[in-house]
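Undergrad: starting from these lines, generate the structure:
(chains A and B)
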Amino acid sequence: MRKYSDVEYLKLSKSKRFLYRFLSFFAGIPGAVWGFIKKIGLAVKGGVSAVGNEFKDVFTTFKNGDWKTRLSYLIMGFGCLARGQILRGLLFLLFEIVFIIYMVVAGAHWLSLLPTLGTKGPSVEYNAVYDQYVTTYNDNSFKILLYGVLTIFFIIAFIYTWRVNVKQNRIAEGILKSGKKLKSGRDDLRSLVDDNFHKTLLALPLTGIIIFTVLPIVFMILVAFTNYDGSHDGYYNNLFTWVGLDNFNTMLSWEAAGGGQSYAATFGEILSWTLIWAFFATFSNYFLGMLVAMMINKKGVYLKKVWRTILVMTIAIPQFISLLYVSKMFAKNGIVNGALLDLNLITKPLPFWEKAGWARVMVILINIWIGIPYLMLIATGILMNIPADLYESAKIDGASGWQQYRKITLPYMLFVTGPYLLTSFTSNMNNFNVIYLLTGGAPTNSAASTAAGSVGYTDLLITWLFKITTGPEAQYYMASVVGIMVFVVVAVISLIVYNLLPSVKNEEDFQ
Amino acid sequence: MNKKKSYSPALVSILIGVVLCGLVFGLLFLVRNTLKANDTGIVQMAQTIGRKIVDPYPINPDHIGAVLLSLLGAIMLVVGAALIISGIAKLFEAIAENERNMMSYVPGALMLLCGAVIAYGFAKALLLGVTRFSTEGMYVHLFIDAGILLIIAALLIGMGCSRLVRAQKYNRSVKIYGMPPADVNRSMGLKASNLISGIGIHTLLVIMSVVWLIPFVCIILQSFRVETAMPVGYVLPKTWGFGNYTGLLKTDFPKWYLNTFIMALVVAVLQTIIVLCMSYVLSRFRFKMRKPLMSFMLILGMFPGMLTMIILYRVLKDLGLTQANAVPGLILVYIASSGMGYYVSKGFFDTIPKSLDEAACMDGATKAQVLFRIILPLAKPIVIYTILTAFMAPWGDFVFARYISMNTSAGMNVAVGLNSWLSLDQINSHYTMFCAGGVVVAIPVTILFLCLQRYYVEGVTGGAVKG
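TA: Presented below is the predicted three-dimensional model:
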């Protein structure tokens, strides 16, 4: 499609401009996708060449280095010790010794079992000494997978440390050659609160993240390629094994397997509701919250603090209280139906949670009740930052209140809160609390139930994941497939929106 | 010389408001007690009075008369409202023109009065039509009247208070500067349209506040209901009492409360330290791995956290930190990954000028000294924000707490424990106790939150702007 110049564009009528913008957006998609692929390609290329450089560096360091350097290739930290950097040398050496001991004692065992995930299940035998049946636990697939992953992490850490050790030698040689002194152990310690302070500060948080987030996520991604579920996790059978891409095939196939609907159909249904929910939950809160903020901040409104305080009550009170109570309020025999019946407005209880349409609208409405206050607080802060002279000059030019909102407030808000809108969209997609506490996924959608258990009309992907995990079958492998799908959806949406946003381009602009 | 303003009109206004409030409440209680003593008599009396006033039709719940009456009531209500608004507008025009002649205020005031009477009368007619003259309808009437009187009382008190404040400001200004404050006459310049939009906004805000507060009021009221523990369709308890609160002590609730409180305290301290470390580093240091680290954490954050639940449970179980020992296990889970939530405080650190650090470095301070001596004192709001959010999280956490405590009462937090009372087999015996427990949990958290609200606002705002 032809690209208009600015002058040509301005000559177009309003509807044509819209059409042009609309079409050019879609015409731009292939280019953007191609650009993205190119970016990935470049990144891969950069990564490969970086790895190549590392190897080259290791090689040249060995070739040009003295005997101390060369010996440190085998005995880590030898170079440091020989050059008088006792502390560093000892740390390297210690790490190597610990690593070797670990690998010999346990690591090799776990690694060797990793390809099969264990072959010998628990066996029950009669033990004459105790005069009873004793269960012997042999291989435990869960432990094998877990410690296998852990061992791989450890090996990666070792290779990294070894590389640092080599680099240290090269740098030390260079420093000595130029006639300067090397840093002593005391210097190293001091730099931990100065030049290398960031390493000190990051040590604890990153350790936590690696052990409690990265490791579990890697583990769960791997589980998606196994048949780990409730029946492969217990006293009688604790062995599971690799199944390749079978689970993904099941998830994406339209054939019903093992009773109930096919996974692909259910996934499609839940995904579409998740997206609808996230859209309405995000934008209803966004615009209504902004409206409320503008109302409260308007000149001449009394008791601003009181209104604000009343609204933030929903943030202050833990959600499990407010949401659970509200869900009971709208129940069949709840207060709302009771009041409406008393007033003779209705003759039988309204099916707030019993019908799909009602329940879906209700969760969105109640989410407004929960969500407006956040947006009100955020919008209040931002609205105060809009220069007042913009409004004054608009007023002098005769702009109405709506025009001022449309041309000043909204663009400013959208520009500043663009990233927030994105994150709140994705966090709404994963908004477990609101759905689970309000409806628990009800009303049940019996047609969409799969082999992994039942689903409801208000179930999001995340509550589905929870249901699969805690369901009677406990199909952990399906849960982790769903988790990976959630990741893919979130990542795709984030990437697209992130590239469209004007305000995220340069992080340093704000400073 | 300006003379002082007198406080007495303001005080009289407040006094009248308070007395009115007292009267209304007194009357309500009187009526309630009489109703209790003589349940049918007074209601029938009220019913016949009500019918005589507005109902010329035979009493039949589905009679067309009721429908017509409500329709008429609704139409006339709109007329009344229009009259009120135009009356106020007329009044305000007169005020804006600083009219000395009292007669020019009369039309506006008359219109206002007529509108109010019409609106009131027909609102009740509407109500009578809608409620089909039922007994409950009479209660509703009573409450509506009481509500209107209360609103008037509140208006009086509010006006008195604002007058009091203005008079005090005025007097102080006169005392110190010898002249009235600059903005004393500003409110006179309002236009009628502003006034109407003002009334609209205030009405909306009042309605919103009511909607926002209804669930909380209901939960408090129900927590005092002792006649039955089941969920019921009415709000006001028939018998009041503290039974549910004292009953809480006999259950595992104190244990849950203690669990949650310990978790909240420990998590608040440790999580704050971790988050601050993380965000300070990412905001202030420029090292090679910074960008990759940030994108890595962004990607990690896109995985649903629930996915890790299964394995964390198994690992913690092997360590003996589940079921009855869930508290340390949960603390570990909460704080270990808290480094991922650095965005808000990083955004705040970004706003502290870097020139401060550089100046301190020039003077020979180490990076650690820069953090402790310069940045932290300036970052008080964000520190408090982080502590507050970290403290509040364990009170509401449900998923992990439920999974890791695994049906063991001793290891539950309040969310899981109270939720178990809403399960099908317990709800009929524990529902009001759930309400009482909810109140006991919500009160300290809410008070804490409202006290530190200012910092929360700063944190939320900063975090959203920075993304």
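Undergrad: neighbours around residue A:51, how many?
TA: Neighbour count for residue A:51, taken as other Cβ atoms under 10 Å in any protein chain shown: 10. For every residue, glycine as well, the C-beta is placed using N, CA and C.
Undergrad: and it, what helix or strand is that in?
TA: helix A:14-64 (DSSP states H and E).
Undergrad: hmm, that helix touching chain B?
TA: No. Applying Cβ under 8 Å from any Cβ of the partner chain, one finds helix A:14-64 separated from chain B by no less than 10.9 Å.
Undergrad: tell me how far that helix lies from the chain's centre.
TA: Mean-position distance between helix A:14-64 and its chain equals 23 Å (Cα atoms, centre = their mean, to the nearest Å).
Undergrad: show me the contacts for residue A:404.
TA: By Cβ atoms under 8 Å, 6 or more residues apart in numbering or on different chains, the residues touching residue A:404 are A:391, A:394, A:395.
Undergrad: revised request: answer the last question for residue B:340.
TA: Residue B:340 makes contacts with A:209, A:213, B:297, B:300, B:301, as judged by Cβ under 8 Å, 6+ apart.
Undergrad: show the pLDDT at it.
TA: Predicted confidence (pLDDT) for residue B:340: 85.
Undergrad: roughly how far does it sit from residue B:301?
TA: Remark: distance between residue B:340 and residue B:301 (Cβ to Cβ, to the nearest Å) = 6 Å.
Undergrad: and if you look at residue A:85?
TA: Noted for residue A:85: a distance of 39 Å to residue B:301, by Cβ to Cβ.
Undergrad: narrow the contacts of residue B:340 to those in helices?
TA: A:209, B:297, B:300, B:301 (DSSP state H).
Undergrad: ok, and the most crowded of those residues?
TA: Within the ones in helices among the contacts of residue B:340, neighbour counts (other Cβ under 10 Å) peak at residue A:209, which reaches 23 neighbours.
Undergrad: look up the closest residue to that residue, ignoring the ones flanking it.
TA: Distances taken as Cβ to Cβ, 6 or more residues apart in numbering or on different chains put residue B:339 closest to residue A:209, at 5.1 Å, once the chain neighbours are dropped.
Undergrad: my guess is the one you found contacts residue A:206. True?
TA: Yes. Judged on Cβ atoms under 8 Å, residue B:339 makes contact with residue A:206 at a distance of 6.8 Å.
Undergrad: which helices and strands sit right next to the helix or strand where residue A:282 lies?
TA: Counting by DSSP H and E, the element that carries residue A:282 is helix A:263-297. Contacts defined by 3 or more Cβ pairs under 8 Å, 6 or more residues apart in numbering or on different chains; DSSP states H and E place helix A:263-297 against helix A:246-252, helix A:304-316, helix A:356-385, helix A:410-429, helix A:461-470, helix A:476-500, helix B:192-223.
Undergrad: nearest to residue A:270, of those?
TA: helix A:461-470 (5.5 Å; Cβ to Cβ).
Undergrad: quick one: distance of the closest one to the chain centre.
TA: That offset, for helix A:461-470, works out to 16 Å (Cα atoms, centre = their mean).
Undergrad: alpha carbons of it, as PDB, please.
TA: The C-alpha trace of helix A:461-470 is given here as PDB (Å, rounded to 0.1, in the frame of the first residue of the first chain):
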ATOM      1  CA  LEU A 461      -6.000 -19.900  32.300                       C
ATOM      2  CA  ILE A 462      -4.400 -19.400  35.600                       C
ATOM      3  CA  THR A 463      -7.300 -20.800  37.600                       C
ATOM      4  CA  TRP A 464      -7.500 -23.600  35.200                       C
ATOM      5  CA  LEU A 465      -3.800 -24.300  35.900                       C
ATOM      6  CA  PHE A 466      -4.600 -24.300  39.600                       C
ATOM      7  CA  LYS A 467      -7.600 -26.700  39.100                       C
ATOM      8  CA  ILE A 468      -5.500 -29.100  37.000                       C
ATOM      9  CA  THR A 469      -2.800 -29.100  39.700                       C
ATOM     10  CA  THR A 470      -5.100 -29.600  42.600                       C
END
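Undergrad: quick one, it and helix A:476-500 angle?
TA: 160 degrees (axes from the mean of the first three to the mean of the last three Cα atoms, to 10 degrees).
Undergrad: which helices and strands does helix A:461-470 pack with?
TA: Other elements packing on helix A:461-470 under the criterion 3+ Cβ pairs under 8 Å, 6+ apart are helix A:263-297, helix A:432-438, helix A:476-500.
Undergrad: so for the first one, what's the average pLDDT?
TA: Over the span of helix A:263-297, the pLDDT mean works out to 90.
Undergrad: and that helix, what's buried?
TA: Across helix A:263-297, burial judged by 16 or more other Cβ atoms under 10 Å in any protein chain shown covers A:263-267, A:269-271, A:273-275, A:277-278, A:280-282, A:284-286, A:288-296.
Undergrad: tell me the angle it makes with helix A:461-470.
TA: 130 degrees.
Undergrad: follow-up on the earlier one: can you lay out the helices and strands packed on helix A:263-297 as TSV showing distance to residue B:448?
TA: Formatted as TSV, the helices and strands packed on helix A:263-297 follow (distance: least, Cβ to Cβ, whole Å):
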stretch	distance to residue B:448
helix A:246-252	45
helix A:304-316	8
helix A:356-385	17
helix A:410-429	24
helix A:461-470	29
helix A:476-500	33
helix B:192-223	16
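Undergrad: compare residue B:339 and residue A:206 and say which one has the larger neighbour count.
TA: Higher neighbour count among residue B:339 and residue A:206: residue B:339, with 25 against 19, using other Cβ under 10 Å.
Undergrad: out of the contacts of residue A:404, who's near chain B?
TA: With Cβ under 8 Å from any Cβ as the criterion, the contacts of residue A:404 include none near chain B.
Undergrad: these in helices, which ones?
TA: Assigned to helices by DSSP H, the following of the contacts of residue A:404 qualify: A:391, A:394, A:395.
Undergrad: apart from its chain neighbours, what residue comes closest to the second one?
TA: Pointing back at residue A:394 there. Per Cβ to Cβ, 6+ apart, closest to residue A:394 is residue A:404, 5.1 Å.
Undergrad: how about low-confidence regions in chain B?
TA: In the predicted model, chain B carries pLDDT under 70 at residues B:1-5, B:31-70, B:96-104, B:125-143, B:180-196, B:462-467.
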